[in-house]
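Participant: Give me coordinates for this.
(chains A and B)
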Protein chains: 2
Amino acid sequence: MKKNCIVAQSGGPTVAINASLAGVIEGVIESSIFDKIYGSIHGIQGVLKNNFLDLTDSSKDFITKLSHSPAMYLGSCRFKLPDIDNGAETYEAIFKTFADMNVGAFFYIGGNDSMDTVDKLSKYAKSIGSDILIAGIPKTIDNDLVVTDHTPGFGSAAKYIATSMREMAYDTYIYDIQSVLIVEIMGRDAGWLTAASALARTEFSEAPHLIYLPETSFDQKQFIEDIKALLPVKKNVIVAVSEGIHDKDGNYISATSTVADKFGHAQLSGTGKYLENLVSRELGVKVRSVEINVLQRSAAHLSSKTDLEEGFSLGKMAVKFIEEGHSEFMTIINRTSNQPYEYTISHSPVLDIANKAKSVPREWINAAGNDVTQDMLTYLKPLVEGEIALDYENGIPSYPSISHLTS
Amino acid sequence: MKKNCIVAQSGGPTVAINASLAGVIEGVIESSIFDKIYGSIHGIQGVLKNNFLDLTDSSKDFITKLSHSPAMYLGSCRFKLPDIDNGAETYEAIFKTFADMNVGAFFYIGGNDSMDTVDKLSKYAKSIGSDILIAGIPKTIDNDLVVTDHTPGFGSAAKYIATSMREMAYDTYIYDIQSVLIVEIMGRDAGWLTAASALARTEFSEAPHLIYLPETSFDQKQFIEDIKALLPVKKNVIVAVSEGIHDKDGNYISATSTVADKFGHAQLSGTGKYLENLVSRELGVKVRSVEINVLQRSAAHLSSKTDLEEGFSLGKMAVKFIEEGHSEFMTIINRTSNQPYEYTISHSPVLDIANKAKSVPREWINAAGNDVTQDMLTYLKPLVEGEIALDYENGIPSYPSISHLTS
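Facilitator: Reported below is the predicted structural model:
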């Protein structure tokens, strides 16, 4: 009798995570070793609560539409598995459901924290001699997973940020008065997304003129000096700033709220607003701040084709690697060439990836700590390439029904 | 000898104002009565400062690219012309430049305040017996100009808002926890843009569940009751709120800054943030606020084709009406049918339009003042229809060079 498998999504949304789900579904449908594929609703919690969608009969049309859709079709969770030593009953419950459902493989699409789940489930399976294979598939707009060249979701978020930055620059340049625009971009600990704003530049516009990442320490006095130095030569100074910038002692700049989430990460907001007030007070110039907010992770209408294709392939290849008998891995992207952009997909032990984070290398940030280098641009450029032909209905993008998530 | 003409843009940007500029340029190039067309940089101030771009040799390709571009190609101003009685020297300077440049017509593309400029210039021209013809062409994302069925820029902003609202709803639904999302939308005195968020609804998602416009008075207690009533039946409550909501005495809800601009309009921000704090304090539920901000007026990547085509036609038809000898008018859209959507373009005295504002009719808002009616949806739907094939370069939309506005 053929085995079944389960797929789930976890962590924060990206516009590529459904492409990976679509890839897993297509891979399983085409596979010879699996019978049914179930989607677990709300990540690993769906397994604990017996909350599944049968995805086995997904049509080609549905799979395509799913590939080009925002957020997470199966819902998400922010649930941290207990240590195996103290939480045996949780693992027993999960593996009992796996056994009851004749599950041979579990696919988990997520970021650092989700790879922690993949790692723990893999270790538990090994400890009980289970033959269930466990695969991780990466996604995060933050691009902070190690080993893989980059992560699905990042390219689309980068494209949205660069496009929005360019459009906001056009918006800013129209008045004949000096002004400062501060754009706050997501990325608590890693500056990849903020760096991507540099793709907005054109031969007639250097915006963003200043870029501050969390990989260097942020000095408020120097920031004011940086703007002061530009104002005599630039009518409008446009600044990209990561939500996670902090001073040399590690204190976030204007964390209006530092409530920690379940993984111990501080929840930030208000960095742009704080800097807006600082510039207004110190320089008396017209200043506005914009927080791009959740749209940078959910704007499926402006996805990168490259990003969605890679997300799909990482999902589909995970099925192939499972078919070959691999487990405890995450699928990864290996870039083999920049011009033309080429890559291969392989897999790497999840143990080497879980709970680690990839920062922007210091040498991809300029010496002054207020811009990125050409190497960064070379790295970023291929990831935002290509556009998706979306379905529009009555002028608004049409995405798959998620009636199983709404109430 | 043929006359020349001048075109300028004024007020806040929209993604359709360059389409109207493109329409004027094409109209003048095809016209038999004009020689040169000059673009005045920074609105009427370009006339006062002798700052012009010669647009006469614009290519077909440039005109098309200009039609699909954000912000304002010629730059803007927020310059209020003095009353004719006290400011004769300003008018004399303007009409001297007109005479020096052999100008026969002046085209001004803008909103309410810009129509004030058109009206004053028309009156001054008449008072000195000048034969210079003056035309207004409407634009404003706020859709608050009277006489015309709607204004260019509104349909694209509505499309962006509805799309973003839908994508943020997908983003919100993924977690299995109760939450409230508050989305703050532009529109100081008119709720048209906030109303457009209703186009985000699908058969499986009623988001936004609550909509508050500035046309009714906002009661904070009732707002909390509205959310409280929904929370037992909706996992996530999504709210669209205009930046201009106010209590029954006219006090803005959480105006963190009420500095008036030159036209005496209060500058608002922080309405969503205020309501976020209110909901958190009163209901203790997870809550987030998002301010869509300047992207709703500058996101040319998500323009409505209907909107841009109308903007172009209103510009081009203004040239035709001038050729026929009309003056002191604004071009307007007359809707003749909803299904199929059909309209005609005509012109109307600017005197009847300047300094007036069109609010949402009370009967297009439900009795409780927390939603819009089917009549509103019928009105809105055609305006967001159709998509534009944009030029992308290296994965980012490519727009015309505005090197004359950057420094």
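Participant: So A:Val290, which state does it fall into?
Facilitator: Under DSSP: H, G, I helix; E, B strand; the rest coil, A:Val290 falls in the strand class.
Participant: Near it, how many other residues are there?
Facilitator: 22 (other C-beta atoms under 10 Å in any protein chain shown). For the C-beta atoms, the positions are set from N, CA and C on the backbone; glycine is no exception.
Participant: Show me where chain A has its strands.
Facilitator: Counting by DSSP state E, chain A has strands at residues A:3-9, A:34-40, A:52-54, A:103-110, A:133-138, A:179-185, A:210-212, A:236-242, A:286-291, A:329-338, A:341-349, A:392-393, A:396-397.
Participant: any idea of the angle the second one forms with strand A:3-9?
Facilitator: Okay, so that is strand A:34-40. 30 degrees (axes from the mean of the first three to the mean of the last three C-alpha atoms, to 10 degrees).
Participant: which strands and helices sit next to strand A:34-40?
Facilitator: Judged by 3 or more C-beta pairs under 8 Å, 6 or more residues apart in numbering or on different chains; DSSP states H and E, the packing partners of strand A:34-40 are strand A:3-9, helix A:17-30, helix A:44-48, strand A:52-54.
Participant: residue contacts, A:Val47?
Facilitator: A:Ile6, A:Ala8, A:Ser40, A:Ile94, A:Thr97, A:Phe98 (C-beta atoms under 8 Å, 6 or more residues apart in numbering or on different chains).
Participant: Would you confirm that the second one contacts A:Leu48?
Facilitator: In this case it means A:Ala8. No: in this structure A:Ala8 lies outside contact range of A:Leu48 using C-beta atoms under 8 Å: 11.0 Å.
Participant: Which one's more surrounded, these two?
Facilitator: The residue with more neighbours, out of A:Ala8 and A:Leu48, is A:Ala8; 29 against 16, by other C-beta under 10 Å.
Participant: Report the contact partners of the closest residue to that one other than its chain neighbours.
Facilitator: Using C-beta to C-beta, 6 or more residues apart in numbering or on different chains and skipping residues adjacent in sequence, the residue nearest A:Ala8 is A:Ser40, 3.9 Å away. For A:Ser40, the contact set (C-beta under 8 Å, 6+ apart) comprises A:Ile6, A:Val7, A:Ala8, A:Gly46, A:Val47, A:Asn51, A:Phe52, A:Leu74.
Participant: Return the member of these nearest to A:Pro82.
Facilitator: Closest approach to A:Pro82 among those (C-beta to C-beta): A:Val47, at 14.5 Å.
Participant: Please report the distance of that closest one from chain B.
Facilitator: 13 Å (C-beta to the nearest C-beta, to the nearest Å).
Participant: What residues does the stretch 101-250 of chain A have near chain B?
Facilitator: Within the stretch 101-250 of chain A, the positions near chain B by C-beta under 8 Å from any C-beta of the partner chain are A:159, A:162-164, A:166-168, A:170-171, A:173-176, A:199-200, A:202-205, A:233-236.
Participant: The closest residue to A:Gln178 other than its chain neighbours: what's it in contact with?
Facilitator: Of all residues beyond its chain neighbours, the one nearest A:Gln178 is A:Val285 (5.5 Å), with distances taken as C-beta to C-beta, 6+ apart. Taking C-beta under 8 Å, 6+ apart as the criterion, A:Val285 is in contact with A:Gln178, A:Ser179, A:Val180, A:Leu231, A:Val279.
Participant: Can you pull the phi/psi pair for A:Val285?
Facilitator: As for A:Val285, its main-chain torsions (degrees, to the nearest 10) stand at phi -100, psi 160.
Participant: wait, isn't A:Phe204 in contact with B:Tyr399?
Facilitator: No: the pair A:Phe204 and B:Tyr399 fails to qualify as a contact (C-beta under 8 Å) at a distance of 10.3 Å.
Participant: bridging residues for A:His347?
Facilitator: A:Thr331 (DSSP bridges).
Participant: List the contacts of stretch A:228-241.
Facilitator: Surrounding stretch A:228-241, the residues in contact under the criterion C-beta under 8 Å, 6+ apart are A:165, A:168-169, A:172-173, A:176-185, A:194, A:197-198, A:206-212, A:227, A:271-272, A:275, A:283, A:285, B:406-407.
Participant: before we move on, back to that, give me the buried entries from the residues of the stretch 101-250 of chain A next to chain B.
Facilitator: Among these, those scoring as buried are A:159, A:162-164, A:166-168, A:170-171, A:173-176, A:199-200, A:202, A:205, A:234-236 (criterion: 16 or more other C-beta atoms under 10 Å in any protein chain shown).
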